[in-house]
Structures are given as C-alpha cells and as structure tokens.
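Colleague: just need the structure, nothing else, for what follows:
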Amino acid sequence: MVAKGLEGVIVDTSGICRIDGDAGRLIYRGYDIHDLASNSIFEEVAYLLWNGELPTREELERLKKQLSFERTIPDSLKRSLRELPRESNALDVLRTAISALGIQHQLKKPELADAMIITAKIPTINAAFDRIRRGEEPLDPRADLGHAANYLYMMTGREPDPIKEEALDKYLILLADHGMNASTFTARIVASTWSDLYSSVVAAICALKGPLHGGAPAPVLQMLKEIGKPERAEGWLRDHLKDGNRIMGFGHRLYRTTDPRAEIMRDVASKSAERSFFELARHVEQSGVRILQEYRPERKLYTNVEFYSAVVMDSVGLPSDMFTATFAASRIAGWTANVLEQVANNRLIRPEIEYTGPVDRKVVPIENR
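Modeller: Numbers count the residues shown, from 1 in each chain. You can find the predicted model right below:
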C-alpha cells in the first residue's frame, strides 16, 4: 500500500523533537513546549536543539556573544539586497541571501559554527530587505539587545516594548522545530548527500515557501481583517466554506486535539495585541471550531499555531508579507539541528516510488508517429 505524502511512514530516528498528536504534546529534547516557553528564551532553546542540553549561564552568555558577533551582514550582501526588486517575495530574498553567504562553504561538512552564523544573520537579512524596500537604510544590530529584540529593532528602528519583545521571543521558541515536516525533511535529504549546511537551508526555505507548509499566518490575518467585527464571523465563515474554501489556521495533520503551540500563542496574543483585535480573533476561533464540527463531525478541528501567530506577529509590528520569512528565522534552529543530526549518522536518503505507467512499449520511427 502506498502512503501518499509519506503519511504515517517512519523514515529515521531522531532525538530532537517528539510530537504526540493524540495528547496534544510537543517536546524538544525531552522538554515540554509549555515548560520551555514559560522559562526559556530563544537562544536557550536553539542551544538545546543543537546540543541536546539546556545551557548553563556561562554557556548561554558565550552563545549570545557569538550570535551578536555574527549578526552583521557584509556590505556586499546589502548591495545585493538593494538591487533586488522591491516587490520580491521575502522568502525568495532570504533564499538568495543565504545562497550568497554559502558560496565559500560549498561541499564543507555542516558544522555547529555555520548553524550559529545562519541563525544570527537571518533576522538581519529580513530586516535589511524590509527597510530597503520601504526606502530606508538598513540598521546594524545592537550588541546590547537579544535575538528577538534585535529583530524588532532592525525592522522598526525603535527599541521594542518588553511585551512585544517577549511575544516575538515566544513565537521563535514555539516554531523552532516540529519533527519531520516538509522543510526539515528537505534539509535532511540535501544533507544526506554530503552537501553543505547552506545548501540544506536554501532547500528548506524553498519548501517553506509553499503555502501548504508555512504560509497560513498571512491569510489568517487577511481573514480576520475581512471579518472585522465579531458579529460578522459566523456568516463569513459559513459563506467561505460553502464556496469550497478552507478556513486558514484551523486543523493540523498531526494533532487530533488542540495544538499545544496554539494554546500558548493565544495567551501571548492576549497580552501583545490590541484588546478589540484579540477578542475578534477569539470569537472567530470559537465560531470556527463550532462550525467546522458541523461540517466535519468525524474530525475535531481546532486552531493551529498559525492562527494566533498571525495575531502576534501583527501585534509586534511585522508586515504580513514578512510572516513566513520570520517563520524561517525561528525554524532555522530546528533545520540546522536536524542537519547536524543527519550527518552525524548519515545514510543517503533514497526512497522508492511505485511505478504505475505503461510497460513494454515499442518505439515507432518518427516518420510513422
């Protein structure tokens, strides 16, 4: 029996991430995501994914200093960003920038040092392009700001409000890894050929660009703005379903109950978003769950992490067309951790496919076809 989309197929073992879809649990290296989101910052979680253990205070400070040192991007890359069309897709820009950075690393075995370099530079690349396309000068990162704070500072030119900084930091933690998703699997496939880390990340970005993987938050935000008022939610949702459309931000292929990340993001959104907008989102969530239960009684469909991610990213001041590139700024920790795990115990990933085409055909001379 063919498992379309490799659904339910176990392709390898991993010590990085465990998803219990029935219980609604997400675990990084043995730590529940609720525990990590409540007690850690993104830098700690990145260290955990890369090294298997949470850092000591001294190890965390060393990592912060290393990331701070690596955040600046070369002037040559800034010039390249200026030459790109301002209407370019942010993920296309990020893919191109990472590829340019990786020119000198071709066929070099992936190393942790490269993982830290790419992780440090992605927010700088995203922010630089966003400012350039708005006719503003890119800002250099500040040594006194952490990872999430620097991202917001470089995007807006203002030192972020602590609530908004914390909101983005929680987002970065929650999206840092999620098992063998499409982009992570793509990164591991490339790494299994003994290619370099930059190539693996470029391939992962290409997979992330597809709207079925990382592109839901922007349409969620558009949906919420179109609905506009809580009293319009039910009619809008029902009309949307009658027209044969999906309601973005609901349901997940792996979770049979609430997405644990969505629970945390809902709480984050309640603190970072304007009260009226959060209440709108909450009403749309409740209406959507109830209506989808009517349409699909055999399934329990709840909001996924992307629903409230849209609310949070909008609340901290990120433009909607930068949402997926910001997803990459989080998932880079998981991508690189998976690449390092792949090459540590590598076997070329080479699955088979069941052929369903014709057999025993004979070539007819071209003049007789």
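Colleague: flag the shaky bits of the chain, pLDDT-wise.
Modeller: 106-107 (pLDDT under 70).
Colleague: residue closest to the middle of it?
Modeller: In the chain, the C-alpha nearest the mean C-alpha coordinate belongs to residue 327, at 3.1 Å (Cα atoms, centre = their mean).
Colleague: hang on, it packs against residue 214?
Modeller: Yes. With contacts counted by Cβ atoms under 8 Å, residue 327 reaches residue 214, the gap being 4.7 Å. The way it works is simple: take the backbone N, C-alpha and C, and place the C-beta from them, glycine included.
Colleague: which neighbours do the two share?
Modeller: Residues touching both residue 327 and residue 214 (Cβ atoms under 8 Å, 6 or more residues apart in numbering): residue 208.
Colleague: picking up where we left off before, ok, the residue nearest to the centre of the chain to residue 308 distance?
Modeller: The gap separating residue 327 from residue 308 is 14 Å, by Cβ to Cβ, to the nearest Å.
Colleague: is it fair to say residue 91 lies in a strand?
Modeller: No. Read with DSSP: H, G, I helix; E, B strand; the rest coil, residue 91 is helix and lies in no strand.
Colleague: ok, the closest residue to it other than its chain neighbours - contacts?
Modeller: Distances taken as Cβ to Cβ, 6 or more residues apart in numbering put residue 209 closest to residue 91, at 4.5 Å, once the chain neighbours are dropped. Applying Cβ under 8 Å, 6+ apart to residue 209 gives the contacts 89, 91, 92, 95, 215, 324.
Colleague: and what of residue 257?
Modeller: So residue 257 contacts 21, 22, 23, 24, 300, 302 (Cβ under 8 Å, 6+ apart).
Colleague: the fifth one: how many residues sit nearby?
Modeller: I take that to be residue 300. Neighbours of residue 300 under the rule other Cβ atoms under 10 Å: 14.
Colleague: buried ones in stretch 292-303?
Modeller: 292, 301, 302, 303 (16 or more other Cβ atoms under 10 Å).
Colleague: in TSV: the residues you listed, plus distance to residue 247.
Modeller: Shown next, in TSV, are those (distance: Cβ to Cβ, whole Å):
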residue	distance to residue 247
292	7
301	9
302	12
303	10
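Colleague: re the thing from before, CA atoms of whatever helix or strand the residue nearest to the centre of the chain lives in as CSV?
Modeller: Under the criterion of DSSP states H and E, residue 327 resides in helix 323-344. C-alpha atoms of helix 323-344 as CSV (Å, rounded to 0.1, in the frame of the first residue of the first chain):
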residue,chain,number,x,y,z
PHE,A,323,5.5,36.4,8.4
THR,A,324,6.8,33.4,6.6
ALA,A,325,10.4,34.8,6.5
THR,A,326,10.0,35.3,10.2
PHE,A,327,8.9,31.6,10.5
ALA,A,328,12.3,30.8,8.9
ALA,A,329,14.1,32.9,11.5
SER,A,330,12.6,30.6,14.1
ARG,A,331,12.7,27.2,12.3
ILE,A,332,16.4,27.7,11.3
ALA,A,333,17.3,26.3,14.8
GLY,A,334,15.4,23.1,14.0
TRP,A,335,16.6,22.8,10.4
THR,A,336,20.2,23.1,11.4
ALA,A,337,19.8,20.8,14.4
ASN,A,338,18.3,18.2,12.1
VAL,A,339,21.1,18.6,9.5
LEU,A,340,23.7,18.2,12.2
GLU,A,341,21.9,15.0,13.5
GLN,A,342,21.7,13.7,9.9
VAL,A,343,25.4,14.0,9.1
ALA,A,344,26.4,12.5,12.5
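Colleague: what's it packed up against?
Modeller: Here helix 323-344 touches helix 42-51, helix 90-101, helix 112-133, helix 162-174, helix 182-192, helix 197-208, helix 217-227, helix 305-315, going by 3 or more Cβ pairs under 8 Å, 6 or more residues apart in numbering; DSSP states H and E.
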